[in-house]
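> take a look and give me a structure for this.
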Amino acid sequence: MPTPADRRALTLALPPTPEADARAIASFIDAIWAESGLARQSLDSYRRDLEGFARWRNGAGGGLVAADRAALFDYLAWRTRHGWSPRSNARLLSALRAFFAHCVRLRLRADDPTALLEPPKLPRSLPKALAEGQIDALLDAPDVATPLGLRDRAMLELMYAAGLRVSELVGLPATAVNLRQGVLRVTGKGSKERLVPLGEESQHWLERYLAESRPQLAGKRSLPALFLGTRGEPPSRQQFWTLVKRHAAAAGIDPDRISPHGLRHSFATHLLNHGADLRALQMLLGHSSLSTTQIYTLVAREHLKQMHARHHPRA
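Numbers count the residues shown, from 1 in each chain. You can find the predicted model right below:
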């Protein structure tokens, strides 16, 4: 009867195949979900990165599990030549580190080929926030006389009022809203829950959407999602950002100035500009570490410098 070690040795001795790579990736995704409780988007990102490297390795006659450090160097160089950004390559390296650590724990290999690889240096970029006047124009852009326009206004108001991630916004169930208490229950990264106040404007538009628009979009169906499309399904992240860019153009804002986190960044920056406490902002954003929130202090500092330069007589 072969021992587990014998079976592992046999696995390594067999020629690498796409099927073997797929099994190894599936095993890793299951393990990291059980250990860390990562969100579905993070797991999908890890899977895509590993599958991309596996395809490249199989095209070169190798395999994922048996890849050595030279193969990783070659793949990162190939990605750089073909236009992948340093941030994308850093994310890939993070996925590879976790995957090969998993392989070492299972004794599928004796060493970790990522051990001496340095992550690419990332340029420090500040979050791009819209000015408060631009936010007002964007929120006023949807035609609230239509069911979808009223839905769009409620979504934009809620995202800006609560500082939500796009995935959090489109994934909200109807039960997340408590209009009586004026709060929203949000499930963020790692399935962590937080309560966020709605604010008067956001609550007003949510009440209108729930009373006027959602019943028309849902029809006679009992649907769990808070925000619905014409077929009763919630909009995807891509659909949401398409409508944001459309409303931005209607508001006279360059659509390229709207980033996937633009409204969330604006929420955080405007709160700090008006004197919000950094710890409170951390809780509202759902950041696990204060260091993640602190980048917004740099944005607020830039705002203060510009204001000083405009208004101080000796600036």
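> low pLDDT regions in the stretch 101-250 of the chain?
Low-confidence segments of the stretch 101-250 of the chain, defined by pLDDT under 70, are located at 119-127.
> which residue ranges of it form helices?
Taking DSSP state H, counting those that start in this stretch as the criterion, the stretch 101-250 of the chain contains helices spanning 132-140, 147-162, 166-170, 200-208, 214-218, 237-250.
> count of neighbours near residue 200?
Residues near residue 200, counting by other Cβ atoms under 10 Å, number 10. Where C-beta positions appear, they are placed from N, C-alpha and C, glycine not excepted.
> how near is it to residue 157?
If you measure residue 200 against residue 157 using Cβ to Cβ, to the nearest Å, the figure is 10 Å.
> and what of residue 98?
To residue 157, residue 98 is 38 Å away according to Cβ to Cβ.
> between those two, point out the one with more neighbours.
Set side by side, residue 98 and residue 157 show more neighbours around residue 157, with 22 against 18, by other Cβ under 10 Å.
> any idea of the angle the helix or strand where residue 53 lies forms with helix 237-250?
Of the helices and strands defined by DSSP states H and E, residue 53 is found in helix 40-59. Here helix 40-59 runs at an angle of 110 degrees relative to helix 237-250 (axes from the mean of the first three to the mean of the last three Cα atoms, to 10 degrees).
> other SSEs contacting whatever helix or strand comes next after helix 40-59?
Toward the C-terminal end, the helix or strand that comes next after helix 40-59 (DSSP H and E) is helix 69-81. Counting contacts by 3 or more Cβ pairs under 8 Å, 6 or more residues apart in numbering; DSSP states H and E, helix 69-81 is packed against helix 40-59, helix 86-105.
> hmm, residue 80 is touching residue 89, no?
Yes - using Cβ atoms under 8 Å, residue 80 and residue 89 qualify as a contacting pair, with a distance of 6.8 Å.
> which one of the two has more residues nearby?
For residue 80 against residue 89, the residue with the higher neighbour count under other Cβ under 10 Å is residue 89, and the figures read 19 against 14.
> helices or strands next to the helix or strand where residue 265 lies in the packing?
With secondary structure defined by DSSP H and E, residue 265 is part of helix 262-273. Secondary structure elements in contact with helix 262-273, counted by 3+ Cβ pairs under 8 Å, 6+ apart, are helix 132-140, helix 147-162, helix 278-285, helix 295-311.
> and the angle from the shortest one to helix 262-273?
Just to be clear, that refers to helix 278-285. Angular relation of helix 278-285 and helix 262-273 on a 0 to 180 degree scale: 160 degrees, by the same axes, to 10 degrees.
> can I get the helix holding residue 265 in PDB, CA atoms only?
Below are the C-alpha coordinates for helix 262-273, written out as PDB (Å, rounded to 0.1, in the frame of the first residue of the first chain):
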ATOM      1  CA  GLY A 262     -13.700  57.300  -7.500                       C
ATOM      2  CA  LEU A 263     -16.800  57.900  -5.300                       C
ATOM      3  CA  ARG A 264     -15.300  55.900  -2.400                       C
ATOM      4  CA  HIS A 265     -12.100  58.000  -2.600                       C
ATOM      5  CA  SER A 266     -14.200  61.200  -2.700                       C
ATOM      6  CA  PHE A 267     -16.200  60.100   0.300                       C
ATOM      7  CA  ALA A 268     -13.000  59.500   2.300                       C
ATOM      8  CA  THR A 269     -11.200  62.700   1.100                       C
ATOM      9  CA  HIS A 270     -14.200  65.000   1.700                       C
ATOM     10  CA  LEU A 271     -14.700  63.600   5.200                       C
ATOM     11  CA  LEU A 272     -11.100  64.300   6.100                       C
ATOM     12  CA  ASN A 273     -11.200  67.800   4.600                       C
END
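> okay, buried residues for that helix please.
Applying a neighbour-count criterion of 16 or more other Cβ atoms under 10 Å, one finds 262, 263, 264, 265, 266, 267, 268, 269, 270, 271, 272, 273 buried in helix 262-273.
> again with stretch 134-149
For stretch 134-149, using 16+ other Cβ under 10 Å, the buried residues are 134, 135, 137, 138, 139, 141, 142, 144, 147, 148, 149.
> who are the contact partners of residue 73?
For residue 73, the residues meeting the contact criterion (Cβ atoms under 8 Å, 6 or more residues apart in numbering) are residue 117.
> fine, thanks again, bye for now.
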